[in-house]
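Enquirer: After the sequence you'll find the predicted model.
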Amino acid sequence: MNDEVWLSPMTKIEPLTYRWPASAHLIAPASLAMNLAFRAVKKLDSFVENPAIHIAASRDPAMFGGQFLELTEEDISWAANHAKELRQKAEKSISFATQLRVLNEQLQRTAKGHTLDEFVRSLPEDLAGRVELVYDVNNHARVRLIEDLLYGSVLDSRWGQEFCLQAIPDAKRPFAMGNPVPDGEQRLFLKLPFDDRGIDRLASMRTTPRSQTEVAEALGLADTSDLFRSFFTDVPPARRDPDYQGTDIRIRYFGHACVLIQTSQVSVLLDPVVAFERDSDEATLTFEDLPDFIDYVVLTHGHSDHFLPELLIQIRHKVGRVIVPCNDQGNVADPSLKLVLRSLGFADVLSVAPFEAVKTPHVEIVSLPFVGEHAGLDVAAKQCVLVRAGGKKLLFLADADGIDSALFSRLTDFIGVPDAMFIGMECRGAPLSWLYGPLLTTNLSRRDDESRRLSGADSERAWRITEAIGCKRAFVYAMGQEKWMRRLMGLAYTPDAVQILESDKFVARCEASGVSARRLHGCCELML
């Protein structure tokens, strides 16, 4: 009997860390520990103590993306049990995070330039052999993590890794950051590590039919239940020319910051986050339209709308090399994306410094400085990217805020004038604590927190970049407007939102100055 089927587009394969949707910060062991100790447990306790507040907030569209859990009355018992289990299963991680905060507070209070030997001799067990204590050139003490040693230890996220399979529309998925996934009748949980190769077989079924029985065995399932069988379909996907053999360069925009560059010889995919279900409105390109082999995946930074483990794991089987920016080694707020990707099962990961280039006869990918968007936090693992392919130069500025336009004038001396540039204009981002709060080891005032935001360029800064670069074709992207991005961004723009108004002003100013400009939304195909 032939039981070959495809995975339904509605089926989601979501990696979870201790039941929380996986992100770079929930995979890297140190930042995972901080998030468990200072966000996850506290949120669960808050929900159990005051469920009505969370439930009311989750029903208010204006509160979407806030610090409340999107759980229901039926989840109260589960949340209480999960909080208890989390304290037990992640005891070492929580202890590590607590001790790291205490040590840092002691250093900031008492280490004023004298030798740090006494601190090293009194390191608690969970920190000893895993950190180095140093001063910077301003005599400010710092704890530097020996990050490689945290992987494979009791702090490794591997101990809390699993996958959740469920059929749910892209637009109906809850806010990902900070919302655990409780038990549910229509959810199938697979206790598998993120690098499990059975997931490759399952993900490949989005475009290639396979035996349902064989993939169940690969996933360690003894029986194919009705729920498991419901995740598949006998209807083949309607793929839209995933491979390209033309003579020009084809650019496919999959929404937000996800751009696929193709020539007949090479394919480069930037910041892959795509829709799974096709429609005639926004999602005219979906996962099914990605090529069968992607030579390079380039990631600009570690935020979940650019670095999404859920999507990365599902394209792992078809990727040649992944290119990521170098991090500030040992900084808890700046985990190594290379180590995170290796833990996700990627074998060929290249970490590059600014101005390093990957060059082949068919493509050149250059890492460039990325200034801004990280709320002034000392994060090095971020890059703008120049792609030379098919005789064209394309500049991707991600969420660079453009506050120092002189940087871009200097960059043109190095890269020349690109044929097109892509720039994010989410110019009113969330406060620093929204993402990085659990990683901060000292208190931050509300005033300071509000002043430091995860923002991209506004119209004036975007225009100054355009002038400095001299580019005659500009695209505004990475605005998070697509329905499949809402669960990652925690926002939905109204027509009078500052981000829309500012990007409209930028486009109008470009057009008035002879620069072709367009704000991208949904999906589209561009030929250059």
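Expert: Now that the structure is in, tell me what you want to look at.
Enquirer: can you count the residues close to Glu364?
Expert: By other Cβ atoms under 10 Å, 14 other residues sit near Glu364. Every residue, glycine included, has its C-beta placed from N, CA and C.
Enquirer: for it, helix, strand, or coil?
Expert: Judged by DSSP: H, G, I helix; E, B strand; the rest coil, the three-state class of Glu364 is strand.
Enquirer: how close does it sit to Val358?
Expert: Glu364 sits 7 Å away from Val358, taking Cβ to Cβ, to the nearest Å as the criterion.
Enquirer: Could you do Lys472 as well?
Expert: Lys472 is 27 Å from Val358, by Cβ to Cβ.
Enquirer: again with Asn443
Expert: Asn443 is 42 Å from Val358, by Cβ to Cβ.
Enquirer: Might you report the residue contacts of the nearest residue to Leu285 once chain neighbours are set aside?
Expert: Distances taken as Cβ to Cβ, 6 or more residues apart in numbering place Cys523 nearest to Leu285, at 3.9 Å, with adjacent residues excluded. If a contact means Cβ atoms under 8 Å, 6 or more residues apart in numbering, then Cys523 has 252-255, 275, 282-285 as its contacts.
Enquirer: Export these to CSV and append columns for neighbour count.
Expert: Written out in CSV, the entries for the contacts of Cys523 read as follows (neighbours: other Cβ atoms under 10 Å):
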residue, neighbour count
Arg252, 23
Tyr253, 21
Phe254, 27
Gly255, 28
Ala275, 27
Glu282, 19
Ala283, 23
Thr284, 18
Leu285, 23
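Enquirer: Okay, and which of the residues you listed map to helices?
Expert: Among the contacts of Cys523, no residue falls in helices (DSSP state H).
Enquirer: Could you tell me the per-residue confidence at the closest residue to Lys359 other than its chain neighbours?
Expert: Leaving aside its chain neighbours, Lys359 sits nearest to Ile365 (7.8 Å; criterion: Cβ to Cβ, 6+ apart). Predicted confidence (pLDDT) for Ile365: 98.
Enquirer: my read: Ile365 touches Phe355, true?
Expert: No. Ile365 lies out of contact with Phe355 (Cβ atoms under 8 Å); the separation is 11.9 Å.
Enquirer: more neighbours, these two?
Expert: Between Ile365 and Phe355, Ile365 has the larger neighbour count (other Cβ under 10 Å), namely 25 against 12.
Enquirer: In space, what's closest to Asp243 - neighbours in sequence excluded?
Expert: Pro291 (5.3 Å).
Enquirer: do Leu454 as well
Expert: Gly429 (3.6 Å).
Enquirer: Give me the neighbour count for the residue nearest to Asp243.
Expert: Residues near Pro291, counting by other Cβ under 10 Å: 19.
Enquirer: Let me see the contact set for it.
Expert: Here Pro291 is in contact with 242-244, 260, 262, 267, 318 (Cβ under 8 Å, 6+ apart).
Enquirer: Same check on Ile261?
Expert: 249-251, 267-270, 387, 389, 394 are the contacts of Ile261 under Cβ under 8 Å, 6+ apart.
Enquirer: Which one of these sits in the busiest neighbourhood?
Expert: Ser267 (28 neighbours).
Enquirer: related to what we said a few turns ago, for the contacts of Cys523, give me TSV that also has distance to Val476 and pLDDT.
Expert: What follows is the contacts of Cys523, written out as TSV (distance: Cβ to Cβ, whole Å; pLDDT from 0 to 100):
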residue	distance to Val476	pLDDT
Arg252	17	98
Tyr253	11	98
Phe254	16	98
Gly255	13	97
Ala275	19	97
Glu282	16	94
Ala283	19	95
Thr284	19	97
Leu285	18	98
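Enquirer: want to try TSV for those, with distance to Ala56 as columns?
Expert: Converted to TSV, the contacts of Cys523 look like this (distance: Cβ to Cβ, whole Å):
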residue	distance to Ala56
Arg252	42
Tyr253	38
Phe254	36
Gly255	31
Ala275	30
Glu282	30
Ala283	32
Thr284	37
Leu285	38
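Enquirer: could you pull out the strands for the stretch 301-450 of the chain?
Expert: 319-325, 349-352, 357-359, 363-368, 384-389, 392-396, 420-424 (DSSP state E, counting those that start in this stretch).
Enquirer: Go through these and pick out the most buried.
Expert: strand 420-424 (a mean of 25; mean count of other Cβ atoms under 10 Å).
Enquirer: before we move on, back to that, separation between the residue nearest to Lys359 and Glu356?
Expert: According to Cβ to Cβ, Ile365 and Glu356 sit 9 Å apart.
Enquirer: picking up where we left off before, and the residue nearest to Lys359, what is it in contact with?
Expert: 268, 296, 298, 323, 357-359, 385-388.
Enquirer: now those as TSV including distance to Gly480 and pLDDT?
Expert: Listed next are those as TSV, based on distance: Cβ to Cβ, whole Å; pLDDT from 0 to 100:
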residue	distance to Gly480	pLDDT
Val268	22	98
Tyr296	24	98
Val298	19	98
Ile323	23	98
Ala357	30	97
Val358	28	97
Lys359	32	96
Val385	19	98
Leu386	24	98
Val387	22	98
Arg388	28	97
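Enquirer: Nearest to Thr110 among those residues?
Expert: Ile323 (42.1 Å; Cβ to Cβ).
Enquirer: Quick one: residues contacting that closest one.
Expert: By Cβ under 8 Å, 6+ apart, the residues touching Ile323 are 296-299, 349-350, 352, 358, 365, 367.
Enquirer: Kindly report the same for Glu162.
Expert: Glu162 neighbours (Cβ under 8 Å, 6+ apart): 15-16, 19, 189-192.
Enquirer: Tell me if it really is in a strand.
Expert: Yes. Counting by three-state DSSP, one finds Glu162 located in a strand.
Enquirer: any weak-confidence spans in the protein?
Expert: Applying pLDDT under 70 to the chain picks out residues 1-2.
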